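S.K.: Can you look at this prediction? I've put the sequence above it.
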Amino acid sequence: MTISREGTNLDPWYGHYAERTAGLSASEVRALFAVASRPEVVSLAGGMPAVSALPLDTVAASMERVMTERGPAALQYGSGQGTPELREHILEIMALEGIRAGVDDVVVTTGSQQALDLVAKLFLNPGDVVIAESPSYVGAMGIFRSYQSEVAHVPMDDDGMIPHALTERIASLRAAGRSIKLLYLIPNFHNPAGVTLSAERRLEILDIARKNDILIIEDNPYGLLWFDRPAPQAMRSVDDEGIVYLGSFSKTFAPGFRVGWALAPHAIREKLVLAAESAILSPSSLNQMIISDYLDRADWRGQVDVFRGLYRERRDAMLDALDHYLPDLTWTVPNGGFYVWLTLPSGLDSKGMLPRAVKELVAYTPGTAFYADGSGREALRLAFCYPEADQVREGVRRLATVVRSETELLQTFSPTGPIETVHRPHASAPAPQSEPLHPAERGPR
Ligand SMILES: Cc1ncc(COP(=O)(O)O)c(C=O)c1O
């Protein structure tokens, strides 16, 4: 029997997909991974943790112990909410950020990415609005888009999201009759901006969300990876009703296990478990047991210190190199995490410049990846987590060559003469506070 399909030569099922798939597109980060993985390219693009710094023999010993001592259970389906053992460990980890909770409130997920997906699935109808920082995490925006909702950005400065801008944004969206469902925040060592939400602003933003009846997603995969001083305590440490908190083993242990978690208010937690069971039945028993064994026996706090030292060294290498090679530009100064946000001279286009950068054997992520509204051309994200310090320096040197030649090109062909660069004499000092990272705010599409 021949089935008639309104397809194309490339995809015979073209006309059959659900409308929500219109939001599924390969992220710019994903496309980049392919190009940037060539060994001669210094990749400042992907946020890949430095897993080779893990004690691999200790991890292997945990794997072996789990298999020899509890093999059948490890290879079996498990609880949809995750093993009680791992959830106990997760409470210990969250206590380091000031969070107190019960073991029943934790839901183990397949990476925090899945937790984000489940929360979005529970709350978002087509046309709903999610408020997020400007810029925001590309992977979260992809999820929100896949539920046919829209992201409305709110500007940040070096202290994170600006509370009065949030209030204004909520008011204008409400005046336009929009339904605001979620406020998505990455308070610590932001991806991609590198900045941290100040303690005062955490309280202000909590207050605004409470008054406006908006649920906060506090996404915190990088919180323990601080450099000079710990980040302020988690927002969830002062509010256990209005926040779904997300954590992950990806950055402090290893992303290959794909284990993260959500800590949700009681009612939401029940629905989360049902949604998780419907998506995957149960998270990997094997991986949860390996992580529990590792946390029981290894010096995991010491290992987090090792990561902190290593990333601090790479951050310092990046900031020194930026000071040295691109002194006329501005960038954020992260106190933890993986990322620096660099602002280009006005008129340059980070996306258009990327092929030339790759030709010079350096890769980065264009700013446009981190905005739902197409802005971000004059900025880019630099990740210092993966290459070693001297490679980070070399990457910035190559990038500077590209920026200089692009700037010269622009100056040569600009009808208005020389273009402007934003000069900051001490680029490694934080930028003035009230200056948004991205002033050109636009409304939701
Ligand atoms: C802000 C943020 N949230 C969530 C994730 C997803 O992490 P996981 O590996 O736990 O799924 C990432 C990964 O880079 C991230 O940067």
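M.R.: Good, I have the coordinates.

S.K.: contacting residues for the residue in the chain that the ligand sits nearest to?
M.R.: Nearest to the ligand, among the residues of the chain, is Gly111, at 2.6 Å (CB to the nearest ligand atom). For every residue, glycine as well, the C-beta is placed using N, CA and C. Going by CB atoms under 8 Å, 6 or more residues apart in numbering, Gly111 touches 248, 250, 255, 258-260.

S.K.: In the residues you listed, which residue is surrounded by the most others?
M.R.: Ranked by neighbour count (other CB atoms under 10 Å), the contacts of Gly111 have Val259 at the top, with 27 neighbours.

S.K.: Leaving aside the residues adjacent along the chain, what's closest to that residue?
M.R.: Setting aside the residues directly before and after it, Val259 is nearest to Phe249 in space (CB to CB, 6 or more residues apart in numbering), at 4.8 Å.

S.K.: re earlier: give me the distance between the residue of the chain closest to the ligand and Leu342.
M.R.: According to CB to CB, to the nearest Å, Gly111 and Leu342 sit 27 Å apart.

S.K.: in stretch 230-245, what's buried?
M.R.: 231-237, 239-240, 242-245 (16 or more other CB atoms under 10 Å).

S.K.: make that stretch 342-351, sorry
M.R.: Buried, per 16+ other CB under 10 Å, within stretch 342-351: 342-345, 347-348, 350.

S.K.: Using CSV, write out the CA atom coordinates for it.
M.R.: Extracted C-alpha coordinates of stretch 342-351, given in CSV (Å, rounded to 0.1, in the frame of the first residue of the first chain):
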residue,chain,number,x,y,z
LEU,A,342,33.1,39.5,26.0
THR,A,343,31.7,42.6,24.3
LEU,A,344,33.1,43.4,20.8
PRO,A,345,33.7,46.8,19.3
SER,A,346,30.4,48.2,18.0
GLY,A,347,29.7,47.1,14.5
LEU,A,348,31.4,43.7,14.7
ASP,A,349,29.3,40.6,14.4
SER,A,350,30.3,37.6,16.5
LYS,A,351,28.4,35.1,14.4
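
S.K.: that older thread, could you list which of the buried residues of stretch 230-245 belong to strands?
M.R.: By the criterion of DSSP state E, membership of these in strands covers 243-245.

S.K.: Could you dump these into a markdown table and include pLDDT and distance to the ligand?
M.R.: Below are these laid out as a markdown table (pLDDT from 0 to 100; distance: CB to the nearest ligand atom, whole Å):
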| residue | pLDDT | distance to the ligand |
| --- | --- | --- |
| Ile243 | 97 | 15 |
| Val244 | 98 | 13 |
| Tyr245 | 98 | 12 |
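
S.K.: So for the residue of the chain closest to the ligand, what pLDDT did the model give?
M.R.: Predicted confidence (pLDDT) for Gly111: 97.

S.K.: Repeat that for Phe413.
M.R.: Confidence for Phe413, expressed as pLDDT, is 76.

S.K.: State the distance from it to Leu326.
M.R.: With distances taken as CB to CB, Phe413 is found 22 Å from Leu326.

S.K.: Repeat that for Leu342.
M.R.: 8 Å.

S.K.: Leu185 now?
M.R.: 29 Å.

S.K.: These two - which one has more neighbours?
M.R.: Using other CB under 10 Å, the more surrounded residue of Leu185 and Leu326 is Leu185, with 26 against 21.

S.K.: mind listing the helices for the stretch 101-250 of the chain?
M.R.: For the stretch 101-250 of the chain, the helices defined by DSSP state H, counting those that start in this stretch occupy 111-123, 138-146, 163-175, 199-211.

S.K.: Of all the ones you listed, which one comes closest to Leu44?
M.R.: Across the helices of the stretch 101-250 of the chain, Leu44 has its closest neighbour in helix 138-146 (15.5 Å, CB to CB).
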